[in-house]
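Q: Everything below, folded, please.
(4 chains)
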Protein chains: 2
Amino acid sequence: MARTQKSADDPRRRILDVAAAAFAASGFEGARVDQIAKRAAVNKAMLYYHVGDKDVLYETILLETIEDALARIAAATASSKTAEDRLRSTVATIADTARRHSHFAPLMLRELASGGATLPDRVMQRMRDVFQAVRDALEQGTRSGEFRAVDPVATHMFIAGSLLVLLAGGPIRRRIRQLTDVPKVSVADRSPADIASFVCDVVLEGLRPPAAPRALRRRTPLKKKN
Amino acid sequence: MARTQKSADDPRRRILDVAAAAFAASGFEGARVDQIAKRAAVNKAMLYYHVGDKDVLYETILLETIEDALARIAAATASSKTAEDRLRSTVATIADTARRHSHFAPLMLRELASGGATLPDRVMQRMRDVFQAVRDALEQGTRSGEFRAVDPVATHMFIAGSLLVLLAGGPIRRRIRQLTDVPKVSVADRSPADIASFVCDVVLEGLRPPAAPRALRRRTPLKKKN
DNA sequence: GTCTATATACCGATAGAC
DNA sequence: GTCTATCGGTATATAGAC
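A: Numbering: from 1, shown residues only, chains lettered A, B, ... in the order given. Take a look at the predicted model:
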């Protein structure tokens, strides 16, 4: 059918998916190659044959995700006119990347915690490009007067931090909920798209220039769809 | 001088401090007991004698930090009148806890990434109390009309996420800066107190009820002190 | 209380048969 | 391409001498 297999039948694809989940759950050092091979239903020697050693495995997963995010950000923001549109598209695309690659947010949180200790240089360079995409939108808004003068680095970390923690916080929130009562429904339990909207709403409120009347700024309504 | 040693001469104290740094840098699985003992200048057998095994070590560090945070939050918010004061005090105290225990933010980020997989139940219960402190301030503001109706869970994760990532993001920001030019100064490079103010400013902007005139909301000025 | 030596287990990686 | 068997290294934890 095809020269290169991309479906779930492809052993390499299965290995990468299983490994991504393992790295997300246990970190680079905590993930076990034996366990990854077992869960991917391949012999350990085949894992090394098809992908490479543990470092290559990790780097491949991160690069794959980040390249996907960058391509989608470029596509999504190509037609953006205003800075607000550009910022919303960029953040929504990052959130959607986290939805399509469920390991993305945990891996990024771990890299933040370690200061990027296990990040290969090539991955670090592409991550910087993702960061730059957010800052570009912020700086465009500041230049055009759409946003008030803003600290682009701090604002970017603000967006990235709240987004990543909201996206990755599901499991720990559920564990806490078991200890408490609180069966409440929260935006935090909704889809990545709704979470992205929530983050953008709050941040854009803070970015609004002093002169602009409040009523002109729309607030994204939450849709029922997951 | 004292019955229980608390200074840096206390081997137990040294072990806990070194271990905290190791867990923050490499995670629970990645941290090495041998290395912790070596850096704390104690024999490995003494580490087990004075503290216990790796699990006890980890739980002790987390509990110590969280109990400290809870006690300080209670003290700081005791005299709070308005919800804004209460929220600012709580967030500032959490940030100050992160300053005094530099391992705090990385450890929390790792636990978020793993969904609390390595979190002992006792630690989880106390963490819930920290979360509750933030939500209490938010709900007080909503009840009194000081804040607009707000999603307390999502808003809390929003605050916690941006705060933790801003606090823990220093090293990775420096590594990215080596790849780029951008020698700019950012709020993100300032003290935990300034970072806490920044987060509160943005969030309070989003919490302001529709009717309140914008000029009435103060924005905390950044102080030079670290 | 302190240290050496070691038990026990496991992990990443590969050699080599098929 | 696939698998078994295993090497070499290292991890946590403790026993036991002092």
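Q: Chain A against DNA strand D: which residues are in contact?
A: Applying C-beta under 7 Å from any atom of the strand, we find that chain A lies next to DNA strand D at A:11, A:42, A:43, A:44, A:45, A:46, A:49, A:50. Heads up, the C-betas are built off the backbone N, CA and C, glycines and all.
Q: Enumerate the positions of the helix or strand of chain A with the lowest mean pLDDT that are buried.
A: The weakest-scoring helix or strand in chain A, judged by mean pLDDT, DSSP states H and E, is helix A:170-179 (a mean of 89). Across helix A:170-179, burial judged by 16 or more other C-beta atoms under 10 Å in any protein chain shown covers A:171, A:172, A:173, A:175, A:176.
Q: So of the residues you listed, which two are at opposite extremes in space?
A: A:171 and A:176 (9.9 Å; C-beta to C-beta).
Q: Report the contact partners of the nearest residue to residue A:180 once chain neighbours are set aside.
A: Spatially, and ignoring its direct neighbours in sequence, residue A:180 is nearest to residue B:128 (6.3 Å; C-beta to C-beta, 6 or more residues apart in numbering or on different chains). The contact partners of residue B:128, by C-beta atoms under 8 Å, 6 or more residues apart in numbering or on different chains, come to A:176, A:179, A:180.
Q: Can you classify residue B:128 by secondary structure?
A: Secondary structure assignment for residue B:128 (DSSP: H, G, I helix; E, B strand; the rest coil): helix.
Q: next one: residue A:148
A: Three-state call for residue A:148 (three-state DSSP): coil.
Q: Near it, how many other residues are there?
A: 14 (other C-beta atoms under 10 Å in any protein chain shown).
Q: now do the one 3 residues further on
A: For residue A:151, the count of nearby residues is 18 (other C-beta under 10 Å).
Q: Show the backbone phi and psi for it.
A: For residue A:151, the backbone dihedrals are phi -80, psi 100 (criterion: degrees, to the nearest 10).
Q: Show me how chain A divides into domains.
A: Domain segmentation of chain A under automatic domain parsing yields A:1-52, A:55-216.
Q: State the helix or strand in which the most centrally placed residue in chain A lies.
A: In chain A, the centroid-proximal residue (C-alpha atoms, centre = their mean) is residue A:98; its distance is 4.0 Å. Assigned by DSSP states H and E, residue A:98 falls within helix A:83-100.
Q: which parts of that helix are buried?
A: A:83-84, A:86-99.
Q: Could you tell me the angle between the direction of the helix or strand that it is followed by and that of helix A:170-179?
A: Toward the C-terminus, helix A:83-100 is succeeded by helix A:104-114 as the next helix or strand (DSSP H and E). Interaxial angle of helix A:104-114 relative to helix A:170-179 (axes from the mean of the first three to the mean of the last three C-alpha atoms, to 10 degrees): 90 degrees.
Q: Helix A:104-114 close to chain B?
A: Yes. Using C-beta under 8 Å from any C-beta of the partner chain, helix A:104-114 reaches chain B at A:105, A:106, A:107, A:109, A:110, A:111, A:112, A:113, A:114.
Q: Check which residues of the helix or strand containing residue A:124 are buried.
A: Assigned by DSSP H and E, residue A:124 belongs to helix A:121-144. Within helix A:121-144, the residues scored as buried using 16+ other C-beta under 10 Å are A:123-124, A:126-128, A:130-138, A:140-142.
Q: Just the CA coordinates for it, please, in CSV.
A: Extracted C-alpha coordinates of helix A:121-144, given in CSV (Å, rounded to 0.1, in the frame of the first residue of the first chain):
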residue,chain,number,x,y,z
ASP,A,121,20.4,20.9,21.3
ARG,A,122,18.4,20.3,18.1
VAL,A,123,15.2,20.1,20.2
MET,A,124,16.1,23.2,22.2
GLN,A,125,16.5,25.2,19.0
ARG,A,126,13.1,24.2,17.6
MET,A,127,11.5,24.8,21.0
ARG,A,128,12.9,28.3,20.8
ASP,A,129,11.0,28.7,17.5
VAL,A,130,7.8,27.9,19.2
PHE,A,131,8.5,30.4,21.9
GLN,A,132,9.3,32.9,19.3
ALA,A,133,5.9,32.4,17.6
VAL,A,134,4.1,33.5,20.8
ARG,A,135,6.4,36.4,21.3
ASP,A,136,6.0,37.5,17.7
ALA,A,137,2.2,37.8,18.2
LEU,A,138,2.8,39.8,21.4
GLU,A,139,5.2,42.1,19.9
GLN,A,140,3.1,42.7,16.8
GLY,A,141,0.2,43.7,19.1
THR,A,142,2.5,46.1,21.1
ARG,A,143,3.8,47.7,17.9
SER,A,144,0.3,48.1,16.4
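Q: Run the chain-centre distance for it.
A: Using C-alpha atoms, centre = their mean, to the nearest Å, the distance from the centre of helix A:121-144 to the centre of the chain it belongs to is 14 Å.
Q: sec struct for residue A:210, please.
A: Assignment for residue A:210 (three-state DSSP): coil.
Q: what's the distance between it and residue A:162?
A: For residue A:210, the distance to residue A:162 (C-beta to C-beta, to the nearest Å) stands at 23 Å.
Q: just residue A:122 next, same as before
A: The spacing between residue A:122 and residue A:162, counted by C-beta to C-beta, is 27 Å.
Q: same question, residue A:44
A: Residue A:44 is 40 Å from residue A:162, by C-beta to C-beta.
Q: and these two? which has more neighbours close in?
A: Set residue A:44 next to residue A:162 and count neighbours by other C-beta under 10 Å: residue A:162 wins out with 29 against 14.
Q: Please give me every residue in contact with the more buried one.
A: Residue A:162 sits next to A:199, A:202, B:157, B:158, B:159, B:161, B:162, B:165 when contact means C-beta under 8 Å, 6+ apart.
Q: Tell me how far the fifth one lies from residue B:60.
A: Think residue B:159. Distance, residue B:159 to residue B:60, using C-beta to C-beta: 27 Å.
Q: Please apply the same query to the first one.
A: Distance of residue A:199 to residue B:60, computed by C-beta to C-beta: 35 Å.
Q: and those two? which has more neighbours close in?
A: Set side by side, residue A:199 and residue B:60 show more neighbours around residue A:199, with 28 against 18, by other C-beta under 10 Å.
Q: Isn't the more buried one up against residue A:161?
A: No. Between residue A:199 and residue A:161 there is no contact under C-beta atoms under 8 Å: 9.7 Å.
Q: Could you check how many residues crowd around the residue lying closest to residue A:109 once chain neighbours are set aside?
A: For residue A:109, ignoring the flanking residues on the chain, the nearest one in space by C-beta to C-beta, 6+ apart is residue B:113 at 4.2 Å. Residues near residue B:113, counting by other C-beta under 10 Å, number 31.
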